[in-house]
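> quick one, fold the following:
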Amino acid sequence: MTRSNRTRSAARTVVTALLAGAIAAALGAGGGAGAAAANAGDGRPAGDSGRHNGKGHGGGHGTPGGIRFATFNASLNRATEGGLVADLSTPGNAQAANVAEVIQRVRPDVLLINEFDHDAEGRSLELFQRNYLSRGQGGARPIHYPYRFAAASNTGVPSGHDLNRDGTVGGPDDAYGFGFFPGQYGMAVYSRYPIDRWSVRTFQTFRWQDMPDALLPDDPATPEPADWFSPEALADVRLSSKSHWDVPVRVGGRTVHLLASHPTPPVFDGPEDRNGRRNHDEIRFWADYVSPGRSGYVYDDRGRRGGLRPGARFVIAGDLNSDPYDGDSIPGAAQQVTEHPLVNDRTPPTSAGGPAATDRQGGANLTHEGDPRHDTADFADNTPGNLRVDYVLPSRGLPVRGSGVFWPVPTDPLFRLVGDYDPALPGGFPTSDHRLVWLDVRM
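Numbers count the residues shown, from 1 in each chain. Here you go, the predicted model:
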């Protein structure tokens with residue numbers, strides 16, 4: 001979920017734990033992925049003219065032995081169940097076409113899309129490929145992903161409990177993850193490399209209370225700690241607002257684990273800060289998953305325990321809804337992964353469009369501590385302002401060859417794909433209030 005036009009006034013006081021070490025052993029298990037026939041015309045030559053070489057865009061095509069990972073909160077969510085399938089059933093949806101063009105301009109090899117409504121039959125996943133990605137948009141070349149993965153999301157799944165304590169049970173706030181129907185604001189993975197579907201691990205049903213030292217929300221009106229949820233609710237409440245996925249991608253003879261998630265925005269609550277605390281712990285999940293001695297508590301949806309094997313290569317990707325310096329999240333939440341000893345975030349992706357937006361929009365942006373070159377989302381100008389919330393974070397064993405945020409400046413012809421906020425547009429933007437973030441690594 002996006003955070004535009006929202007605010008929070010509560011101060012953050014929780015101090016995050018320090019992380020250390022190498023990787024805990026575990027075997028993968030889990031869900032499946034649909035596959036489709038490859039497009040023989042979609043090659044990967046050096047200097048691929050299908051990639052745009054402008055400021056803040058995807059650069060030239062990765063050299064042999066390189067792979068481009070990307071994440072994009074594309075706002076491909078709809079207000080009603082089945083709405084996305086309906087919009088993607090024909091090639092005429094303007095927003096979906098713009099989203100597809102951004103992807104075609106950057107041409108990632110492995111792509112995580114956040115806010116992509118999930119349907120059990122996988123129709124939206126297939127229709128977006130057939131009617132949008134496989135058709136050239138705005139002069140860009142088509143792109144085909146032979147391998148795709150999506151799984152169920154906690155969004156919109158009724159919990160049966162009064163989680164927001166408004167005196168009633170039901171509705172989006174009482175679902176395991178905020179949503180008006182099951183699968184709203186889901187996730188999807190598109191890949192040009194094979195997905196080891198039998199080793200995919202999903203963590204949709206992992207319970208929040210099963211995380212050691214979890215930052216469970218507290219009712220400030222009572223002396224008891226961590227008592228916002230009733231004992232009955234706490235026995236069911238899940239950590240993931242959507243899900244956490246470990247999606248192994250096979251590149252040649254090697255595997256890279258795409259660690260995909262979309263933590264809840266740390267807003268839309270009260271002094272108990274249940275969403276801020278959940279956001280912190282959803283981010284912490286990956287920090288523990290790749291760490292030694294910290295991942296033993298983890299279990300997946302098939303009951304397999306533990307985290308990654310020692311030495312495994314990984315990329316943490318997604319809209320984490322947390323900026324390292326600004327915004328509403330608990331201080332240090334993002335740093336759990338950006339400053340993790342096994343993660344390389346020494347040179348975060350940048351754009352020219354982020355600083356241009358700060359200069360153009362002003363407001364809260366002028367008070368931020370973070371460098372606007374790293375911003376990835378165009379949020380409300382007064383609060384919270386533009387933030388870095390979307391991440392592609394490689395493990396130390398993956399040398400970085402290049403990175404970027406797709407945020408053109410207004411004089412760039414491709415600025416039409418991002419734009420500024422316009423209330424006349426559905427969702428306020430030609431594509432999304434988030435920007436696609438990409439990273440090239442050498443295998």
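> quick one: pLDDT of residue 365?
Residue 365 is assigned a predicted lDDT (pLDDT) of 98.
> surely it is within a helix?
Yes: counting by DSSP: H, G, I helix; E, B strand; the rest coil, residue 365 is part of a helix.
> any idea how far residue 326 is from it?
Residue 365 sits 9 Å away from residue 326, going by Cβ to Cβ, to the nearest Å. In this view, the C-beta of every residue, glycine as well, is placed from N, C-alpha and C.
> kindly report the same for residue 240.
The gap separating residue 240 from residue 326 is 25 Å, by Cβ to Cβ.
> same check on residue 231?
Using Cβ to Cβ, residue 231 is found at 37 Å from residue 326.
> these two: which is more packed in?
More crowded of residue 231 and residue 326, by other Cβ atoms under 10 Å: residue 326, with 19 against 8.
> name the nearest residue to that one, ignoring sequence neighbours.
Ranked by Cβ to Cβ, 6 or more residues apart in numbering and with sequence neighbours excluded, the top spatial neighbour of residue 326 is residue 368, at 4.5 Å.
> so that neighbour touches residue 385, yeah?
Yes: with contact defined as Cβ atoms under 8 Å, residue 368 reaches residue 385; the gap is 5.9 Å.
> so for these two, which sits in the more crowded spot?
In this view residue 368 and residue 385 are compared by other Cβ under 10 Å, and residue 385 has more residues nearby, 26 against 20.
> tell me how far that one lies from residue 363.
Distance, residue 385 to residue 363, using Cβ to Cβ: 6 Å.
> can you tell me the centre-most residue of this structure?
residue 318 (2.1 Å; Cα atoms, centre = their mean).
> how long is stretch 85-92 end to end?
This stretch, stretch 85-92, spans 13 Å end to end (Cα to Cα, to the nearest Å).
> kindly report the same for stretch 388-404.
Length of stretch 388-404, first residue to last, Cα to Cα: 12 Å.
> just stretch 387-399 next, same as before
End-to-end for stretch 387-399, by Cα to Cα: 26 Å.
> helices along the stretch 301-443 of the chain, start to end?
For the stretch 301-443 of the chain, the helices defined by DSSP state H, counting those that start in this stretch occupy 335-338, 353-361.
> dump those helices to TSV, plus mean pLDDT.
Converted to TSV, the helices of the stretch 301-443 of the chain look like this (pLDDT from 0 to 100):
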stretch	mean pLDDT
helix 335-338	98
helix 353-361	98
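> so, low pLDDT: which residues of the chain?
Along the chain, the parts satisfying pLDDT under 70 run over 1-65.
> and if we set it to 90?
Counting by pLDDT under 90, the chain contains low-confidence ranges at 1-66, 252, 292, 397, 443.
> could you list the paired strands of the longest strand seen in it along with their orientation?
Criterion DSSP state E: the longest strand present in the chain is strand 66-76. Strand 66-76 has the following strand partners under DSSP bridges: strand 110-116 (parallel), strand 437-442 (antiparallel).
> packing partners for the helix or strand just after it?
Toward the C-terminus, strand 66-76 is succeeded by helix 83-88 as the next helix or strand (DSSP states H and E). Helix 83-88 is packed against helix 123-128, with contacts defined by 3 or more Cβ pairs under 8 Å, 6 or more residues apart in numbering; DSSP states H and E.
> check the offset of the longest strand of the chain from the chain's centre.
A distance of 9 Å separates the C-alpha centroid of strand 66-76 from that of its chain, computed with Cα atoms, centre = their mean, to the nearest Å.
> buried sites along it?
Buried residues in strand 66-76, counted by 16 or more other Cβ atoms under 10 Å: 66, 67, 68, 69, 70, 71, 72, 73, 74, 75, 76.
> also stretch 137-152?
Quick answer for stretch 137-152 (16+ other Cβ under 10 Å): 137, 140, 142-152.
> before we move on, what about stretch 124-136?
Within stretch 124-136, the residues that count as buried by 16+ other Cβ under 10 Å are 124, 125, 127, 128, 129, 131, 132, 133, 134.
> swap in stretch 389-396?
For stretch 389-396, using 16+ other Cβ under 10 Å, the buried residues are 389, 390, 391, 392, 393, 394, 395.
> re the thing from before, closest one of the buried residues of stretch 137-152 to residue 425?
residue 137 (17.2 Å; Cβ to Cβ).
> look up how far residue 203 lies from residue 152.
12 Å.
> shared neighbours of these two, which are they?
Here residue 152 and residue 203 have residue 243 as joint contacts, going by Cβ atoms under 8 Å, 6 or more residues apart in numbering.
> circling back to that earlier point, just the closest of the buried residues of stretch 124-136 to residue 300, please.
Ranked by distance to residue 300 (Cβ to Cβ), these are led by residue 125 at 21.4 Å.
> how about the closest one, what does it touch?
Going by Cβ under 8 Å, 6+ apart, residue 125 touches 34, 116, 148, 150, 188.
> could you look up the SS state of residue 288?
helix.
> that one reaches residue 295, doesn't it?
Yes: contact between residue 288 and residue 295 holds when scored by Cβ under 8 Å: they sit 5.3 Å apart.
> overlap of the contact sets of these two?
Residues touching both residue 288 and residue 295 by Cβ under 8 Å, 6+ apart: residue 307.
> widest-spaced pair of the buried residues of stretch 124-136?
124 and 134 (14.6 Å).
> now residue 323, nearest residue through space, not along the chain?
In space, and not counting its chain neighbours, residue 323 is closest to residue 387: 4.0 Å by Cβ to Cβ, 6+ apart.
> who does the one you found bridge with?
Bridge pairing for residue 387 - DSSP bridges - gives residue 377.
> and it, how many neighbours?
Neighbours of residue 387 under the rule other Cβ under 10 Å: 30.
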